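A.B. asks: would you be able to build a 3D model of this:
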Amino acid sequence: MSAVSPISLQSSRPPIIPEPFSANQPKTIRLYPLSNYTFGTKETQPEEDPSVLARLKRLEEHYEQYGMRRTCEGVLVCHEHNHPHVLMLQIANAFFKLPGDYLQHSDDEIEGFKSRLNERLAPVGSQFTGEGVNEDWEVGDTLAQWWRPNFETFMYPFLPGHVTRPKECKKLYFLQLPKKKVLSVPKNMKLLAVPLFELYDNTARYGPQLSAIPHLLSRYNFEFVDEDDNVVAVTPGHQAANGVLPRSKVLAGGEDTTTNGQDIGMDEFAPGDQE
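C.D. replies: Predicted coordinates:
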């Protein structure tokens, strides 16, 4: 069995094809190359709370008035060198988060989530034109639920048995990216494309929620296509062309332009904070 598609296979010794091994799995997900997408910036969006304590205080006020807070975040996946990359935001060069936010108490879950995504990533006005501008979000499977039992920073992927009134539930959804899309990030944030192998087991930098994403995505088979829609690889992918090692890439946003589009690396960050 080979991860290389038949049109890309160059070996004179084709692999032995085993019997099918995809029973009871969801449909294969098509991933488009990072180069298909256009990235820009828009006006700064200040954080609502100046500190973690202020954020928890606002959560407490919300709970007293409306009950448990509902939060939705999206996992957007594309590929570079036939390896899945997750799009995420970096705020103040300090911590990372997925696109999305808490819902207003009266919002419909999916429509409210789409509104939050547009606030964060949709281009403004006539900044861009053409295919992929203002295209609707395709919200897919729920990948995980994280629970906040108390007015504290800790969240868990299960609800402890003694907790009957959780304060917040955060849901992670798979967002199917179309062939082309335009994304704009606030100037005070960076939009990064982070490879799965960097997220995996990397709680020191990304925290338990983001470092679990490779586990959540492992249920899917992927097919990787090029800019001309040719399938060039399938799960589990193959070695990058010319020995290129995928790494996090800054796509848009941020004031520092000295890194030439590359993330400055793990060694220059303290362990990341995460909501």
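A.B. asks: ok, which stretches of the stretch 101-250 of the chain are strands?
C.D. replies: Secondary structure of the stretch 101-250 of the chain (DSSP state E, counting those that start in this stretch): strands at 139-148, 168-175, 182-186, 189-195, 222-225, 231-234, 249-253.
A.B. asks: tabulate those (CSV), appending mean pLDDT, mean neighbour count and distance to Ser51.
C.D. replies: The C-beta positions use only the backbone N, C-alpha and C, and glycine is treated the same way. What follows is those, written out as CSV (pLDDT from 0 to 100; neighbours: other Cβ atoms under 10 Å; distance: least, Cβ to Cβ, whole Å):
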stretch, mean pLDDT, mean neighbour count, distance to Ser51
strand 139-148, 98, 17, 17
strand 168-175, 98, 21, 18
strand 182-186, 94, 21, 20
strand 189-195, 96, 23, 18
strand 222-225, 93, 20, 39
strand 231-234, 88, 19, 45
strand 249-253, 75, 20, 22
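A.B. asks: count the neighbours of Phe95 for me.
C.D. replies: Phe95 is flanked by 19 other residues according to other Cβ atoms under 10 Å.
A.B. asks: repeat that for Pro160.
C.D. replies: Pro160: 11 surrounding residues under other Cβ under 10 Å.
A.B. asks: and the residue lying closest to it once chain neighbours are set aside, how many neighbours does it have?
C.D. replies: Counting by Cβ to Cβ, 6 or more residues apart in numbering, Pro160 lies nearest to Pro149, which is 5.8 Å off, once chain neighbours are set aside. Counted with other Cβ under 10 Å, the neighbours of Pro149 add up to 17.
A.B. asks: surely Pro149 touches Phe158?
C.D. replies: No - with contact defined as Cβ atoms under 8 Å, Pro149 does not reach Phe158; the gap is 10.1 Å.
A.B. asks: mind checking the strands of the stretch 101-250 of the chain for the one nearest to Pro18?
C.D. replies: Ranking the strands of the stretch 101-250 of the chain by proximity to Pro18 (Cβ to Cβ) places strand 231-234 first, at 13.9 Å.
A.B. asks: centre of the chain to the lengthiest strand in the chain, how far?
C.D. replies: Using DSSP state E to assign secondary structure, the strand with the most residues in the chain is strand 69-80. Its chain's C-alpha centre and that of strand 69-80 lie 4 Å apart, by Cα atoms, centre = their mean, to the nearest Å.
A.B. asks: understood, closing this out.
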